[in-house]
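In: Have a look at this prediction, sequence included:
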Amino acid sequence: MTEGRLPADDELLKQLEEELKTLKVSDLLVQTLYTVSSLGYRRLSEQDRDLDQAHLAIEALRALVPVLEGSASEELVRDFKQVTANLQLAYADAVKDAG
């Protein structure tokens, strides 16, 4: 046992290392895109509106979606492109409402 570490910590670390061996970068990117798009929509809602954060989410999607091409299904990439477009339209409406 490593100094300052509990046995459960060592077990968790080993489990994490095993999961990292099988995790693909494309899987992580897909999960990240889902999370970013959800946060972007949330930041456009009236109760949690933050247009700077919504804009950042849009730019992240615009940067990362093309990276997935060839590593994820065409359908998934198309869906994320549609999500990005919808988020951009919702952002434009929110800016118009705020102005």
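Out: Looks like it arrived, so ask away.

In: which one is Ala98 nearest to, not counting chain neighbours?
Out: Leu51 (6.7 Å; CB to CB, 6 or more residues apart in numbering). All C-beta atoms are positioned from the backbone trio N, CA, C, and that covers glycine.

In: thinking that neighbour is in contact with Val95, fair?
Out: Yes - using CB atoms under 8 Å, Leu51 is in contact with Val95, at 6.4 Å.

In: mind checking how far stretch 72-91 is from the chain centre?
Out: 12 Å (CA atoms, centre = their mean, to the nearest Å).

In: Next, count neighbours for the residue nearest to Ala98.
Out: Leu51: 13 surrounding residues under other CB atoms under 10 Å.

In: go on, Gln88?
Out: Neighbour tally, Gln88, other CB under 10 Å: 16.

In: Is it in contact with His55, as I believe?
Out: No - the pair Gln88 / His55 is not scored as a contact, 9.5 Å apart, by CB under 8 Å.

In: Give me the local confidence score for Asp97.
Out: What the model reports as pLDDT for Asp97 is 89.

In: Please identify the helix or strand for it.
Out: helix 74-98 (DSSP states H and E).

In: Who are the packing partners of that helix?
Out: helix 25-42, helix 51-68 (3 or more CB pairs under 8 Å, 6 or more residues apart in numbering; DSSP states H and E).

In: Identify each buried residue in the first one, please.
Out: Of the residues in helix 25-42, those scored as buried under the neighbour-count criterion (16 or more other CB atoms under 10 Å) are Leu29, Val30, Leu33, Val36, Ser37, Leu39, Gly40, Tyr41.
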